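# With the sequence up front, the predicted model follows.
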Amino acid sequence: MEHHKRPSNFKDLTVKTASLHDRNLQWAEVRTKGTHPARRSYHTAALYADQMLILGGQDIREGLVGGLWALHIDENEGGNEHWEEVPLQGEAPPALCRHSSVQYQDKWYVFGGTDHNREYKTLFELNLQTWQWTAHTSPSPACPPPIDSHSASLYVNEGMPYMVVFGGFIDGNRANELFVMNMTTFAWSQVPASSTNMPVPRAGHTSIVHKHDLFVFGGSGEDTEKLADLWKCDLRSYVWQRIEARGTAPSGRSGHSVVAYAGVMIVFGGVCERNRETNAMYVYEFALDTWTQIQFETLVQDPTSAFLQEEASPGQKRPKPLASPTKADSSSPSRSLVVAKKRTPVYSGPANPTFGRIMGNIPHPRDGHSAVVYGERMYVFGGDRGQMPFNDVYAYNLDETAVRTPVTAL
């Protein structure tokens, strides 16, 4: 993902200082006028120029949510920010969730995912100048296989771009295979396991490339165990190494987001053990192999969605997969949706008519959201908590000193 530099001098509409920690003032809720994308989680997102793009996803109560949307970011005048639905032209992807994507120059590459009936292996390429889609299908039936809940990362080596895909559900089973696609020739290859020292099969994890290393964190393992291990794979030799980092590391989680900024990897949100979502935030510094917690888990009383949510047991959030799935009749958990019962209001106050950026408002705990970096801010969209999906947007003000400073030291 490119790191875009833009000036910022938008006017703050509201500043809350009495009861919120100073670190919370790094956050601003981005409220926009006009139409908005439907609430969703497990979509995919990218940043292009001054636009945050989102594609697909699911509403855990309603099913798949299709469509391509662009958030037009204006950091000079927050009140000008707005969403626009972009028509799907050409060989566009169907409605999918738990897919992945990478963006490089003026192209966006979307891969895999599920429609709750089957997994996909088609690569969809979007020309971001013409907004035309092109579908690319590998001639090999097994490389890559149909897959969902995996991760995809951009790796550029000597000017040649590659998409690196790891893990996910293949034939209903969690996997730890590594696939690499040349983004110029669209040729795929599967990387043979170099040793037994490699991550266990997982889904719902994250990955990111720093220099020549692929970093993989967390995810859901066998029996839905939430994993907290951090691995790196040298993309020149494909040798894996487990990282025993110092500092305050995050607990096991899946459905979280990661972004890269100023030599660190920022981990936000996710669902932890006992199916509890979080909005805690951690930073891993690549050069020092050190974890730092920069935001505690925080209860947010007034959700921006002002939506109705079932007060059900968190354990009902996602169905548990079969203990021993077979290739003949297995599926990933994403194929089954939980239908909510009658819901009670989380927030019953009047709708806030204010548009612009509301300083000090922090996101609800969530998983299945997306995050991108634009300028000196991280933008978070959507996700869900329990059975309540979101379509809200938050901006986190990034600072090279703050992202390396433990929250307890402030």
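The structure has been received and is ready for your questions. All of these numbers come straight from a predicted model, not from anything done at the bench. Residues are numbered from 1 along each chain as shown.
# rest of the way, CA atoms for contacts and neighbours
Will do.
# correct me, but Ala175 touches Gly204?
No: between Ala175 and Gly204 there is no contact under Cα atoms under 8 Å: 11.1 Å.
# Looking at these two, which has the bigger crowd around it?
The neighbour comparison of Ala175 against Gly204 (other Cα atoms under 10 Å) goes to Gly204, with 30 against 20.
# residues touching that one, list them.
Shown in contact with Gly204 (Cα atoms under 8 Å, 6 or more residues apart in numbering): 149-151, 168, 218-220, 254-256.
# Closest one to Arg61 out of these, please.
Closest approach to Arg61 among these (Cα to Cα): Gly255, at 17.5 Å.
# before we move on, back to that, from the contacts of Gly204, which land in strands?
Among the contacts of Gly204, the members found in strands (DSSP state E) are Ser151.
# which regions of the stretch 201-350 of the chain sit below the pLDDT cut-off?
302-350 (pLDDT under 70).
# Could you rerun that using 80?
For the stretch 201-350 of the chain, applying pLDDT under 80 flags the ranges 301-350.
# and Arg274, helix, strand or coil?
Following DSSP: H, G, I helix; E, B strand; the rest coil, we place Arg274 in the helix state.
# which residues do Ala175 and Gly204 both contact?
Common neighbours of Ala175 and Gly204 (criterion: Cα under 8 Å, 6+ apart): Gly168.
# Contact partners for Ala45?
52-55, 101, 370-372.
# what about dumping the CA coordinates of the host helix or strand of it to CSV?
In this structure, Ala45 sits in strand 44-48 according to DSSP states H and E. Taking Å, rounded to 0.1, in the frame of the first residue of the first chain, the C-alpha atoms of strand 44-48 are listed here in CSV:
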residue,chain,number,x,y,z
THR,A,44,-11.8,-6.0,1.2
ALA,A,45,-10.4,-2.4,1.0
ALA,A,46,-7.7,-0.4,-0.7
LEU,A,47,-6.4,3.2,-1.0
TYR,A,48,-6.1,4.9,-4.3
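# following that strand, which helix or strand comes up?
Heading C-terminal from strand 44-48 (DSSP H and E), you reach strand 51-55.
# partner strands of that following strand, parallel or antiparallel?
strand 44-48 (antiparallel), strand 68-72 (antiparallel) (DSSP bridges).
# Bridge partners for the residue nearest the centre of the chain, pull those for me.
The centre of the chain sits closest to Ser370, judged by Cα atoms, centre = their mean, with a distance of 3.5 Å. Residues in a beta bridge with Ser370, per DSSP bridges, are Phe381.
# Tell me the predicted confidence for Glu62.
As predicted, Glu62 sits at a pLDDT of 89.
# and Ile266, how many neighbours does it have?
22.
# And it, how close does it get to Tyr282?
6 Å (Cα to Cα, to the nearest Å).
# just Ala92 next, same as before
As judged by Cα to Cα, Ala92 and Tyr282 stand 36 Å apart.
# more crowded one of the two?
Legend: neighbour count by other Cα under 10 Å for Ala92 and Tyr282, higher for Tyr282 (26 against 18).
# That one is in contact with Pro250, isn't it?
Yes: assessed by Cα under 8 Å, Tyr282 is found in contact with Pro250 at 6.6 Å.
# Now do the shared contacts for those two.
Common neighbours of Tyr282 and Pro250 (Cα under 8 Å, 6+ apart) are 291, 293.
# ok, back up a step: for the contacts of Ala45, give me JSON lines that also has pLDDT and distance to Thr122.
Formatted as JSON lines, the contacts of Ala45 follow (pLDDT from 0 to 100; distance: Cα to Cα, whole Å):
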{"residue": "Met52", "pLDDT": "98", "distance to Thr122": "23"}
{"residue": "Leu53", "pLDDT": "98", "distance to Thr122": "20"}
{"residue": "Ile54", "pLDDT": "98", "distance to Thr122": "18"}
{"residue": "Leu55", "pLDDT": "98", "distance to Thr122": "15"}
{"residue": "Ser101", "pLDDT": "98", "distance to Thr122": "12"}
{"residue": "Ser370", "pLDDT": "98", "distance to Thr122": "22"}
{"residue": "Ala371", "pLDDT": "98", "distance to Thr122": "24"}
{"residue": "Val372", "pLDDT": "98", "distance to Thr122": "24"}
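# Among those residues, which one lies nearest to Leu227?
Distances from Leu227 to the contacts of Ala45, taken by Cα to Cα, are shortest for Ser370, at 19.5 Å.
# Return the residues in contact with the closest one.
42-45, 257, 380-383.
# Okay, it and Arg242: tell me how far apart.
Ser370 is 26 Å from Arg242, by Cα to Cα.
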